[in-house]
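**Q** Fold the following for me, if possible:
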Amino acid sequence: MSGPKWVGAAAAVLAAGLLTASAEAQRSAEESIYPLSEYRAADGRALAAAHAGELRALYDAIRRCAPELDFQRHGIGFRRPMGSAEIAPHLAIWTWLQWAPAPEGGDPLGRAADAFRRYGPKLLPHLVARDPVRADARVGGYGLVLTWLKPGPATGAPVAETLVVFAPRAVVVSFVGGQMPLTELLAQSRLRVFDGQTEVPVSTLGIRDQDAAVPASPSC
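**A** Predicted coordinates for the structure are as follows:
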C-alpha cells in the first residue's frame, strides 16, 4: 500500500486510538514494523526482508531518542507515494505525537509546518543512519508521516491531523549532511496534509530556514 493511502485509510482508527492510549502502552517493535506477509508489492517485500534488522534498529533508535512519540501500527516499512508506482519504495515511518506538545498553528497547514519544523530534523537523520538501506540502490528515498490530535473542544469523536513527506534519497541525505536547507528539502518533497480523512491542498510548508533546527545526531 502506498504511503498517503496508508494514512488516509487509517486516520479514523488512529483518532479513536488516541482516546485509549496510555504512556505505558507504546507499541512494540512487532506491532510497529510492517509484516512481510502484508506487502502487496514484491519490491517492498524484498527490501523489508533484506533489511529486517535495520527496521528493528530504526525502531529502537527512535524509541530511545524520541520517547514522546509512538509508532502507528505497522508504521515502519518500505512504502511509495500514492499514484507513483514507477518510483522505488521509500524507507518510511509513521509516528504520532502522543505525549509531545501539540503542534501550534491556526489551521492544519500551520500545525503541519510546526510539526515538521520540530520533528523533521530530529527523525530524518535516523532514517539516513541506516547505512545498508542508504546504500541499497533499490531504495528510492525516505518518507516521514506525523500525526497529532486536532485541537478544539471535545464535542465529538477526536480527529487526527496528518502530514506526509516523501523525498528522494539524495535530497534527504544532503539535508541531513548539512548541504541543503530545509526549505529546499521541502521544495523537492511530495507533501500531503490530512484533516481527518480529508486532504488539505498544500504546495509547501511555511517554514523559514532560520526557524528550523539543524539535523540532530542519530546517536541522540
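
**Q** hey, C-alpha coordinates of stretch 168-180 in CSV?
**A** Provided in CSV are the C-alpha atoms of stretch 168-180 (Å, rounded to 0.1, in the frame of the first residue of the first chain):
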residue,chain,number,x,y,z
PRO,A,168,14.3,11.3,-2.8
ARG,A,169,17.2,9.7,-1.1
ALA,A,170,19.8,12.1,-2.3
VAL,A,171,17.7,15.1,-1.2
VAL,A,172,17.3,13.8,2.4
VAL,A,173,21.0,12.7,2.6
SER,A,174,22.0,16.2,1.6
PHE,A,175,19.7,17.8,4.1
VAL,A,176,20.9,15.6,6.9
GLY,A,177,24.5,16.2,6.0
GLY,A,178,24.0,20.0,6.2
GLN,A,179,24.4,20.6,2.4
MET,A,180,20.8,21.5,1.8
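
**Q** for the nearest residue to Arg134 once chain neighbours are set aside, what are its contacts?
**A** Nearest non-adjacent residue to Arg134, counting by C-beta to C-beta, 6 or more residues apart in numbering: Val128, 6.0 Å away. For glycine as for every other residue, the C-beta is placed from the backbone atoms N, C-alpha and C. By C-beta atoms under 8 Å, 6 or more residues apart in numbering, the contact set of Val128 is 134, 142, 172-173, 176, 218.

**Q** let's see it at 10 Å
**A** 91, 134, 142, 169, 172-177, 215, 218 (C-beta atoms under 10 Å, 6 or more residues apart in numbering).

**Q** Just those residues: which are in strands?
**A** By the criterion of DSSP state E, membership of the contacts of Val128 in strands covers 91, 142.

**Q** out of the contacts of Val128, which are inside helices?
**A** Mapping the contacts of Val128 onto helices (DSSP state H) picks out 134, 169, 172-176.

**Q** Tell me which two of those sit farthest apart.
**A** Farthest-apart pair in these is Arg134 and Phe175; separation 13.2 Å (C-beta to C-beta).

**Q** residues of the helix or strand harbouring Ile93 that come out buried?
**A** Per DSSP states H and E: Ile93 is located in strand 90-96. For strand 90-96, the neighbour count (16 or more other C-beta atoms under 10 Å) marks 90-96 as buried.

**Q** How about stretch 37-52?
**A** 39, 44-45, 47-48, 51.

**Q** hmm, back to that, how distant is the strand holding Ile93 from the center of its chain?
**A** Strand 90-96 sits 4 Å away from the centroid of its parent chain (C-alpha atoms, centre = their mean, to the nearest Å).
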